[in-house]
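J.: sequence unknown, structure follows:
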């Protein structure tokens, strides 16, 4: 597969894929889309599996597992608890989430190694003990490392991060999951996925000028919204595909997480082959060439929906603030910002992250910086650059790509997630100051990057972020407007240009990979019982066989509630391996419908208003089970399973909402919670502060059979209505056992 995994022979994987696809095609007797071939080609039992888009559950055998350090802690703690001696499939751990952006690359990395030494040691020894490769801090962002070393056409890889989908740029099925799903696969248990629908995006024309691959996904997000891809794989096809680089396709797939898609992918083509050769995997390209029939849709294959995009007509876009699907042409954003009251001054421009940190991205932004350098001007905004990997960092330094960006005021950060996930010690503004930033990242939820709810985050391509940081304002359109040189003379920026791949090949930089030893019998994995960073897990209690009667409404959440609202990142990332400590961030930034405030709910035990986590702890101590009620697309965003572990740990029984994001719904099921939806979304309005909630019908809990909710209001009146669920028989077994991990232990 690569120099870091010499034992995996992809020819075996392709042979199995071909065999399974042949079996499925003989059964279905219809043309298959690309994603159907790859997904069904990984069925555990292709001869008998029920296959119905959007309905049946598939039992799949992924080829690999990848985990980033923030989620790997809980995943590996669960794997330790399983008692299984070795991972059953190739697996890797990547240290990228715990490095805070503060002073610059080397200093921030050194500080992170010191602060997180206990966690890094745990992940390193756990990987060595149980057979997982370990990418040390400084190696880069998990998704860039996967693209460079492990991704290939036709693979199925699951990762404990929602942006695992980035790998679809190399023609495989890459899906973000919670840690419990990863544990299943590492334990050799088939992974369950509801059979995805397939949305086709037909691309015509060619990308040119200031338009970039990022604009494709910004437009798709505008069309489908943050929940329009839920339960579906997005497949790009058509002649326009060939105008996109492999890493550009990765950018588009990466941000598919923001539309709720299971994953996104492209058909195998020459641009992918070129990238495989550049990353020293030319043999895989040759093998893929011989299986080309598997790596594209059959003629006549049908999609559930088709979107048409003419790349020749696409213009540069910018999405935000506060949601990644609010789309505006760059040519109109200044006027719209003034009308909406959004700050037009750009305080900070930030490029890089897992979405846009390729060599091509960096060279295009650097070409703009060279023009500014030649005119004697610097950034008017603060500006940061995040290389996606050590390989990218070393190569852009060798080739002089980083120098112009640094010379006009840019700061090169560590090879890590940094500000994209809130790991940013921002000092340029006052606390809660209203301001605007422009990034090439993927998410811009409230407080996402800097924990400031008044930061207006806008998402664009790296070249647009660079241009707006030069101008210092949203009111600049680089296609039509001028800047002033050092002498006050106007000039226009030339169209950015960049190299798809380095002419001299990639410089690998420092070796940051630790392979698992052949014999790990002498390796010990220790967790200090007094640690505030790591905590061994205690199994959750099994269901008692009774209906849930008179549960207390903890909070009725108003409006958007992402996993960032449920379990905040940023400074809380340091507690990702300690369930009790991280549970102190539960729903602290969600809005309470009762008073419109965050982290302020009525405690029925004390009679006072108090924080959400503290109130939940009081209820748990008093033996009072509780429920949360939420709105649409509850749990969108990150794959973090802590958003499901925390309510379970704090005594929660059910989450009742209008609709769920896919990963979060599955994570709740895995931990023994009841994720339920209103059969009639209008019933959300019937829930009142102080309600007692009964969930009836659990003794007859069965797939496809609704449960009944009875609300008893504080005045003694009541309401009763139906609740839907998506549990299958296996998942009901998780609920009854108390969690999927408990069910595994029974076997």
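T.: That came through fine. If you're wondering where the values come from, they're calculated on a predicted model, not measured in any experiment.
J.: Just to check, residue 594 is in contact with residue 629?
T.: No - counting by Cβ atoms under 8 Å, residue 594 does not reach residue 629; the two are 11.2 Å apart. Heads up, the C-betas are built off the backbone N, CA and C, glycines and all.
J.: Determine the residues that are contacts of both of these two.
T.: residue 556 (Cβ atoms under 8 Å, 6 or more residues apart in numbering).
J.: Give me the more crowded residue out of the two.
T.: A count of neighbours by other Cβ atoms under 10 Å puts residue 629 above the other of residue 594 and residue 629, at 27 against 17.
J.: ok, the residue lying closest to that one once chain neighbours are set aside to residue 667 distance?
T.: In space, and not counting its chain neighbours, residue 629 is closest to residue 556: 4.4 Å by Cβ to Cβ, 6 or more residues apart in numbering. Here residue 556 is placed at a distance of 21 Å from residue 667 (Cβ to Cβ, to the nearest Å).
J.: Show me the shaky parts of the protein.
T.: Judged against pLDDT under 70, the chain has no low-scoring part.
J.: So which residue is dead centre in it?
T.: Taking Cα atoms, centre = their mean, the centroid of the chain lies closest to residue 162, which sits 2.2 Å from it.
J.: helices or strands up against the helix or strand containing residue 468?
T.: Using DSSP states H and E, residue 468 maps to helix 462-471. For helix 462-471, the contact count by 3 or more Cβ pairs under 8 Å, 6 or more residues apart in numbering; DSSP states H and E identifies strand 346-352, helix 359-374, strand 382-386, strand 435-439 as packing neighbours.
J.: Which neighbours in the sheet does the third one have, and how are they oriented?
T.: It refers to strand 382-386. strand 346-352 (parallel), strand 410-412 (parallel) (DSSP bridges).
J.: Of those, flag the one that's most buried.
T.: Burial of the strands paired with strand 382-386 is given as mean neighbour count (mean count of other Cβ atoms under 10 Å); strand 346-352 ranks first at a mean of 28.
J.: neighbour count winner among residue 556 and residue 667?
T.: Higher neighbour count among residue 556 and residue 667: residue 667, with 29 against 23, using other Cβ under 10 Å.
J.: Run a quick check on the more buried one versus residue 641, I expect a contact.
T.: Yes - using Cβ under 8 Å, residue 667 is in contact with residue 641, at 4.5 Å.
J.: so who does residue 670 touch?
T.: 178, 180-181, 641, 644, 734, 739-741.
J.: If you count contacts, what does the helix or strand where residue 287 lies end up packed against?
T.: If you go by DSSP H and E, residue 287 is part of helix 282-290. Secondary-structure packing of helix 282-290 (3+ Cβ pairs under 8 Å, 6+ apart): helix 10-28, helix 270-278.
J.: Quick one: the helices in the stretch 51-200 of the chain, in order.
T.: 69-82, 105-115, 117-130, 142-149, 179-186 (DSSP state H, counting those that start in this stretch).
J.: now the third one, how far from the chain's geometric center?
T.: What it means is helix 117-130. Centroid separation for helix 117-130 versus its chain: 23 Å, with Cα atoms, centre = their mean, to the nearest Å.
J.: With the fourth one instead?
T.: Using Cα atoms, centre = their mean, the distance from the centre of helix 142-149 to the centre of the chain it belongs to is 14 Å.
J.: What angle do helix 69-82 and it make with each other?
T.: 80 degrees (axes from the mean of the first three to the mean of the last three Cα atoms, to 10 degrees).
J.: which parts of the helix holding residue 287 are buried?
T.: 284-285, 287-288 (16 or more other Cβ atoms under 10 Å).
J.: Closest one of the residues you listed to residue 238?
T.: Using Cβ to Cβ, residue 288 is the member of those that lies nearest residue 238, at 20.0 Å.
J.: Next, work out how far apart the closest one and residue 241 are.
T.: From residue 288 over to residue 241 (counting by Cβ to Cβ), the distance is 16 Å.
J.: Residue 609 now?
T.: 55 Å.
J.: Among those two, which residue is more densely surrounded?
T.: residue 241 (18 against 15).
J.: Give the closest residue to that one in space, chain neighbours not counted.
T.: residue 203 (5.5 Å).
J.: any idea which helix or strand carries residue 655?
T.: strand 652-657.
J.: quick one, the next helix or strand after that strand and strand 652-657 angle?
T.: On the C-terminal side of strand 652-657, the closest following helix or strand by DSSP H and E is helix 662-670. Angle of helix 662-670 versus strand 652-657, following the same axes, to 10 degrees, is 150 degrees.
J.: Surely residue 111 and residue 100 touch.
T.: Yes - shown here, residue 111 and residue 100 form a contact pair, counting by Cβ under 8 Å, at 7.4 Å.
J.: So those two - more neighbours on which side?
T.: residue 100 (24 against 16).
J.: can you tell me which residues contact that one?
T.: Counted by Cβ under 8 Å, 6+ apart, residue 100 has contacts 108, 111-112, 418, 423-425.
J.: gap between it and residue 110?
T.: 12 Å.
J.: ok, residue 557 touching residue 630?
T.: Yes - contact criterion Cβ under 8 Å: residue 557 and residue 630 qualify, at 4.4 Å.
J.: between these two, which one's more packed in?
T.: Neighbours were counted for residue 557 and for residue 630 using other Cβ under 10 Å; residue 630 has more, 27 against 22.
J.: Tell me how far the closest residue to the more buried one other than its chain neighbours lies from residue 561.
T.: Leaving aside its sequence neighbours, residue 630 sits nearest to residue 657 (Cβ to Cβ, 6+ apart; 3.9 Å). Counting by Cβ to Cβ, the gap from residue 657 to residue 561 is 8 Å.
J.: any shared contact partners between these two?
T.: Common neighbours of residue 657 and residue 561 are listed as 630-631, 634 (criterion: Cβ under 8 Å, 6+ apart).
J.: Which one of those residues is nearest to residue 62?
T.: For those, the nearest to residue 62 is residue 634 (26.4 Å; Cβ to Cβ).
J.: need the contact list for the closest one.
T.: Taking Cβ under 8 Å, 6+ apart as the test, what residue 634 contacts is 557, 561, 655, 657-661, 664.
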